[in-house]
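Trainee: Just need the structure, nothing else, for what follows:
(chains A and B)
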Number of protein chains: 2
Amino acid sequence: MLKILLDTINREKLISIGDGVLIGVSGGPDSISLLYALNELREKLDIRIVVVHLNHLFRDDAYLDANYVKKISDSLNIKSYIFEKDISLMAKENGMSFEEAGRIERYRLFNEVRKKENLDVIAIAQNKNDQAETVLMRLIRGTGLKGLTGIEYKRNDGVIRPILDVDRKLIEKYCEDNNLNPRRDYTNFEDVYFRNKVRLNLIPYIENEFNVNIIDKTVRTSSILRGDEDFLEKYTSGLVNEIFYFDLPKSTLDRDRYLNLHLAIRKRLIRLIVKKINGDINDLSFNDIESINRLIINNRQGAKFYWKNVIFETEYSELKIYIDKKNSKEDYLSKNLDLKIMEASEAAHCQLKNKNEVFLDYEKIEGQLSIRYRKNGDSFVPYGMNTHKKLSRYFIDKKVAKDLRDFVPLICDKDNIVWVYGFSINDNYKITKKTKKVIALKLV
Amino acid sequence: MLKILLDTINREKLISIGDGVLIGVSGGPDSISLLYALNELREKLDIRIVVVHLNHLFRDDAYLDANYVKKISDSLNIKSYIFEKDISLMAKENGMSFEEAGRIERYRLFNEVRKKENLDVIAIAQNKNDQAETVLMRLIRGTGLKGLTGIEYKRNDGVIRPILDVDRKLIEKYCEDNNLNPRRDYTNFEDVYFRNKVRLNLIPYIENEFNVNIIDKTVRTSSILRGDEDFLEKYTSGLVNEIFYFDLPKSTLDRDRYLNLHLAIRKRLIRLIVKKINGDINDLSFNDIESINRLIINNRQGAKFYWKNVIFETEYSELKIYIDKKNSKEDYLSKNLDLKIMEASEAAHCQLKNKNEVFLDYEKIEGQLSIRYRKNGDSFVPYGMNTHKKLSRYFIDKKVAKDLRDFVPLICDKDNIVWVYGFSINDNYKITKKTKKVIALKLV
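Mentor: Numbers count the residues shown, from 1 in each chain, chains lettered A, B, ... in the order given. Below you'll find the predicted structure:
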């Protein structure tokens, strides 16, 4: 275990001598082994360790996980931060899935502690089986090269996965050998249903049927693919500044040089460009990319392709790319607000699925609800805070693309913004134990 | 069906207007639909069609397949060639698997007819399900990017797969709609056991368990990967001539320029170079490639890495790559010839598994058997021919790398080469119905 761990740390350059390392510890076998093993390497690597645990208040006995993490950290003489937060509630209030809310809150806390303790990296315990499962899950859903490379050892934001080469059996053995007694019924928050099917059904099925270690095979394949993906990513990044000129309000793509590129590189380039313009590309489909490529090839003057509120427009021998303020306005203005009022007891049973739904305390709302865009001086109380924050500042902190800030729908009552659509409700309107009636808002 | 077929033909540029198209027809649903559909497009594409069928004499009623293919070709007014050959026997005599022997014979006949009839392409009926199965099989065995791109639509040698985007259900429906009655128990010769497990067990399992069309997802993923693979292949081919100087006896790799390359490209470059030097790279493992890369990085003067009889040797700031005649000679000379003599009836039950085993007619052999390398004037009767051919000519036709020709072991009796190891037995020594005693030869 220590050998594999060290190999991974060195090969992937995860930790440098003298680093401060934050470890996210749930209390399960993976994170407990990660903690214990990194502690064994503490002197050798000359690292400083801090543990962070979040009690999601999901199970009644979740405090036992927290106690265990505290106890083991203390016994290793490692500083630990134990937080708790009602993630189910947070999910409901923000219209997120439980998994998403948990992830957001965990990373918020990780970053808070990291800053406070001046730490360099955030170590997360995902293992080789998780890696293989992720690759197979993506294959089943359909994916591209990037998807098949699986979980990253190291992200740009300092998150590292040091035990990604260690398989579950070895972790169990390590726990046993070192008399660790990790929590068994700790909650695994990621994609539980689908992942469990892959883990408990599909993988054993393939292993039996084909007499093959599919975990090893899959991880090996994905590590081969990672090299190719890495090269392609770097190659395209190197090109983008030569061919694409970012400017406001309109950016320009050099059509002639674009057409000289291989189709595979063109597609990657389009993804990079849309990311630069729009901030995220989560909904950019392969079909969208093909449409944009066709638009550039055909080069009919003035022809346009719309993706969200980004416009691609052919103009002489160039392609112009810009945020369409007018269209995005129309787009959003055409949205309807759906309201539904219910008893708090009833709301407790409802699960909000999307970012376009929220629950608020109905009795806090004054006057009529309306939708508008931002204006000078707007402020609100972001969820989880207790003072007003300027909306302009909020958008900067949330890294909302400048061009988009004017087009985020704000749902307001008589005096206040009650919901910054897609981002946060106003904390003053959240559901509390005193809430009697709940209003469900949905923008469609 | 016709629409998908036309889309594929156009997108992948499989057939040009006026082409002569040879279709390999087994008589099963896939090849019969391919034949019928291409015939429907005959005028539109302005193509000339010729059908080739090989009866493998594997089942007693295999002639029914042949009859059916002949009948349907005649009814469509299409010229057909119906061949027959005892593939089981051929496999035995040449130390090949049945599948391999069948493939070799089919392609031999395809190329013969193609030449005679002056045809442009050889169309083979593999469908979308075959494609998905191939990708999943490779994933289970472990693979790289190239492997995940699956079956090629078009090979450099003129083989095309026009119905690779058509799924099996649609083919069945097409057969029904057009009152085709393809043969049902025709023999599928490729990798039957493993493929059937994937087809009949794994794919239905995933479809049930995850409620997903895994055929579509897999084919879509592999088509996305194909773009990336194609770019990487072209990119590396473009580099190889700049960095690698082919020469005899020693070729040179520019170490400095090599070290400037991304690791993923280096690995691809090594594969290309070994292919240039050795002809094939079937046994070149990922570990071999990593060893060669490490050799180049470390650059210890005179350090060597051996792969088969190719040597990689560091020399100043370069890497020298060459065939090691001395070593390869020793290597081959150290081989032992295993002999076993048996009754013909006994031999009939033995399956030869490898290229290093053959069966010959024992009574044809005169004098002692010996092993040697080629010398001027060598000739023999290649299997399937009835006249002597110069060995030098034979090697050229078989595209054996020049440097290797001196090192192919020849097993000889008193006057003749009876077996060109790894390539062919002498036709005069093959097993016939008159054979009484069989000698099994094995080079170990």
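Trainee: Phi and psi next, for residue A:306.
Mentor: Torsion angles at residue A:306 (phi, psi; degrees, to the nearest 10) stand at phi -110, psi 130.
Trainee: can I assume it is in contact with residue A:324?
Mentor: Yes: contact between residue A:306 and residue A:324 holds when scored by C-beta atoms under 8 Å: they sit 7.3 Å apart. The way it works is simple: take the backbone N, C-alpha and C, and place the C-beta from them, glycine included.
Trainee: which of the two has more neighbours?
Mentor: A side-by-side neighbour count of residue A:306 and residue A:324, using other C-beta atoms under 10 Å in any protein chain shown, places residue A:324 first with 19 against 15.
Trainee: Can you tell me how far the residue in the stretch 1-150 of chain A positioned nearest to chain B is from residue B:297?
Mentor: Going by C-beta to the nearest C-beta, chain B is nearest to residue A:142 of the stretch 1-150 of chain A, at 4.0 Å. Using C-beta to C-beta, to the nearest Å, residue A:142 is found at 38 Å from residue B:297.
Trainee: Those two: who's more crowded?
Mentor: Neighbours were counted for residue A:142 and for residue B:297 using other C-beta under 10 Å; residue A:142 has more, 18 against 12.
Trainee: nearest spatial neighbour of that one, skipping sequence neighbours?
Mentor: Computed as C-beta to C-beta, 6 or more residues apart in numbering or on different chains, the closest residue to residue A:142 that is not its neighbour in sequence is residue B:217, at 4.0 Å.
Trainee: Could I get the average pLDDT for the helix or strand hosting the one you found?
Mentor: Element membership for residue B:217, per DSSP states H and E: helix B:214-243. For helix B:214-243, mean pLDDT rounds to 94.
Trainee: again, but for stretch A:74-87
Mentor: Rounded mean pLDDT across stretch A:74-87 is 94.
Trainee: Same question for stretch A:137-156.
Mentor: Computed over stretch A:137-156, the mean pLDDT rounds to 92.
Trainee: Between the two ends of that stretch, how far is it?
Mentor: With C-alpha to C-alpha, to the nearest Å as the measure, stretch A:137-156 spans 24 Å from end to end.
Trainee: Please state the offset of it from the chain centre?
Mentor: Stretch A:137-156 sits 14 Å away from the centroid of its parent chain (C-alpha atoms, centre = their mean, to the nearest Å).
Trainee: Let me know whether residue A:323 touches residue A:312 as I believe.
Mentor: No: at 11.4 Å, residue A:323 does not count as touching residue A:312 under the criterion of C-beta under 8 Å.
Trainee: C-terminal to the worst-scoring helix or strand of chain A on mean pLDDT, what's the next element?
Mentor: Of all helical and strand segments in chain A, the minimum by mean pLDDT, DSSP states H and E falls on helix A:325-333, at a mean of 49. As assigned by DSSP H and E, the chain's next helix or strand after helix A:325-333 is strand A:337-343.
Trainee: Quick check: residue A:153 touching residue A:163?
Mentor: No: using C-beta under 8 Å as the test, residue A:153 is too far from residue A:163 to be in contact (10.2 Å).
Trainee: so what sits against both of these two?
Mentor: residue A:8 (C-beta atoms under 8 Å, 6 or more residues apart in numbering or on different chains).
Trainee: Pass me the low-pLDDT residue ranges in the stretch 201-350 of chain A, would you?
Mentor: Where the stretch 201-350 of chain A drops to pLDDT under 70, the residues are A:325-336, A:348-350.
Trainee: Look at stretch A:110-128 and report the distance between its end residues.
Mentor: 23 Å.
Trainee: Name the residues of it that are buried.
Mentor: Of all the residues in stretch A:110-128, those buried under the rule 16 or more other C-beta atoms under 10 Å in any protein chain shown are A:110, A:113-114, A:119-128.
Trainee: Give me the subset of these lying in strands.
Mentor: Among these, DSSP state E puts A:121, A:122, A:123 in strands.
Trainee: Please name the residues that touch the second one.
Mentor: Read that as residue A:122. If you count contacts by C-beta under 8 Å, 6+ apart, residue A:122 has them with A:22, A:23, A:24, A:110, A:111, A:114, A:158, A:159, A:160.
Trainee: just the strands in the stretch 1-150 of chain A please.
Mentor: Along the stretch 1-150 of chain A, the segments classed as strands by DSSP state E, counting those that start in this stretch run A:20-24, A:48-55, A:79-84, A:121-123.
Trainee: Name the strands paired with the longest one and say parallel or antiparallel.
Mentor: When pairs are called by DSSP bridges, strand A:48-55 turns out to pair with strand A:20-24 (parallel), strand A:79-84 (parallel).
Trainee: any idea how far residue A:299 is from residue B:266?
Mentor: Going from residue A:299 to residue B:266 by C-beta to C-beta gives 38 Å.
Trainee: ok, those two, which is more surrounded?
Mentor: A direct count of neighbours by other C-beta under 10 Å for residue A:299 and residue B:266 places residue B:266 higher, at 23 against 15.
Trainee: separation between the more buried one and residue B:81?
Mentor: Applying C-beta to C-beta, the value for residue B:266 to residue B:81 is 47 Å.
Trainee: Check residue A:244 too.
Mentor: For residue A:244, the distance to residue B:81 - C-beta to C-beta - is 55 Å.
Trainee: Kindly report the same for residue A:179.
Mentor: 75 Å.
Trainee: do the same with residue A:48
Mentor: Computed as C-beta to C-beta, the residue A:48 to residue B:81 distance reads 78 Å.
Trainee: rewinding a little: compare residue A:179 and residue B:81 (neighbour count), which wins?
Mentor: Between residue A:179 and residue B:81, counted using other C-beta under 10 Å, residue B:81 has the larger neighbour count: 19 against 6.
Trainee: Run a quick neighbour tally on the residue lying closest to the more buried one once chain neighbours are set aside.
Mentor: Once flanking residues are discounted, residue B:81 sits nearest to residue B:52: 4.8 Å by C-beta to C-beta, 6+ apart. When counting by other C-beta under 10 Å, one arrives at 24 neighbours for residue B:52.
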